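with the input below, show me the fold.
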Amino acid sequence: MKPVLELNGVCKSFGGVVAAKDVNIKVYPGAIRGLIGPNGAGKTTILNLISGIYDVDGGTITFLDKDITRMPPYNRARMGLGRTFQAPRFLQRSSIRDNLLLGTDLCDQMGFFKSFLNKKGADFKKELEELMEIAGFSLEEDESISGLPYGQRKLLEIVRSMLTHPKAMLVDEPAAGLNNTEILKATALLKLATTRDIAVVLIEHSMDMVMNNCDEITVLNFGRVICDDIPGNVSKDKQVIEAYLGKKRN
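Presented below is the predicted three-dimensional model:
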């Protein structure tokens, strides 16, 4: 099986701070690749490099067998690269529906104006209802997005990303700020993504969520990969334990 997304020797520095050094990652269809590490390890930087927010200093990024290393972010999105953020990002003065329709337009799957004119509104409605049922809440689509509670906005950002029909999703700390019930809903959405052969890169500090749902895990520390393995092996790796807990003193 070919990887959907591949990083080869990716490097990035900010002044004298190394955020990524010779990072190699492969993400496969229908699999969840965990990306973990202590605070400041370079995890979100990697997502920003993949999505094109930052330019790489060295190395290559391949998506769907195409080199996207120097490609603008909007072209990567239209190829099918989805993204969520630590803090949900929406058009705060727009309605819930308009924010979601912008998601469908992002990858040119439906088109905002076609959807707005209800030319394909039934398809959009059916898919949205399915996703919202898994997310576990109902909403009034004409209401302002800013009126939603934080947890629902976090879940809705995953829903919006899935509405783009992505080939890969970059998901940054979906469980942060959520209660246990909402975490289960976020996990269910990510598991649904894998059944649709979407490759997922997941940054998350909840080790339960990572260890129980990721197929493979890449561990970063000071911008360098210190472990890349299945969850059971990662949890026992000495370098990983030292990175999280500190080196044991004699």
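
and the strands in this protein?
Under the criterion DSSP state E, strands of the chain are mapped to 5-14, 17-27, 32-36, 58-63, 66-67, 81-83, 168-172, 199-203, 216-221, 224-229.

tell me which of the ones you listed sits most buried.
Ranked by mean neighbour count under mean count of other C-beta atoms under 10 Å, those are led by strand 81-83, which reaches a mean of 27. C-beta here means a position set from N, CA and C on the backbone, and glycine is covered the same way.

any idea how far it is from the chain center?
Here strand 81-83 is found 7 Å from its chain centre; the criterion is C-alpha atoms, centre = their mean, to the nearest Å.

for it, which helices and strands make contact with it?
Strand 81-83 sits against helix 43-51, helix 150-163, strand 168-172, with contacts defined as 3 or more C-beta pairs under 8 Å, 6 or more residues apart in numbering; DSSP states H and E.

can you list the strands of the chain in CSV and add mean pLDDT and distance to L91?
Below are the strands of the chain laid out as CSV (pLDDT from 0 to 100; distance: least, C-beta to C-beta, whole Å):
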stretch, mean pLDDT, distance to L91
strand 5-14, 97, 27
strand 17-27, 96, 29
strand 32-36, 97, 28
strand 58-63, 98, 26
strand 66-67, 98, 29
strand 81-83, 93, 16
strand 168-172, 97, 19
strand 199-203, 98, 24
strand 216-221, 96, 32
strand 224-229, 96, 36
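
redo those strands as CSV? Include distance to L190.
Below are the strands of the chain laid out as CSV (distance: least, C-beta to C-beta, whole Å):
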stretch, distance to L190
strand 5-14, 16
strand 17-27, 13
strand 32-36, 6
strand 58-63, 19
strand 66-67, 25
strand 81-83, 12
strand 168-172, 7
strand 199-203, 6
strand 216-221, 14
strand 224-229, 20
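
E141 is nearest to which of these?
The closest of those to E141 is strand 81-83. By C-beta to C-beta, the value is 20.7 Å.

with that, I have no additional questions.
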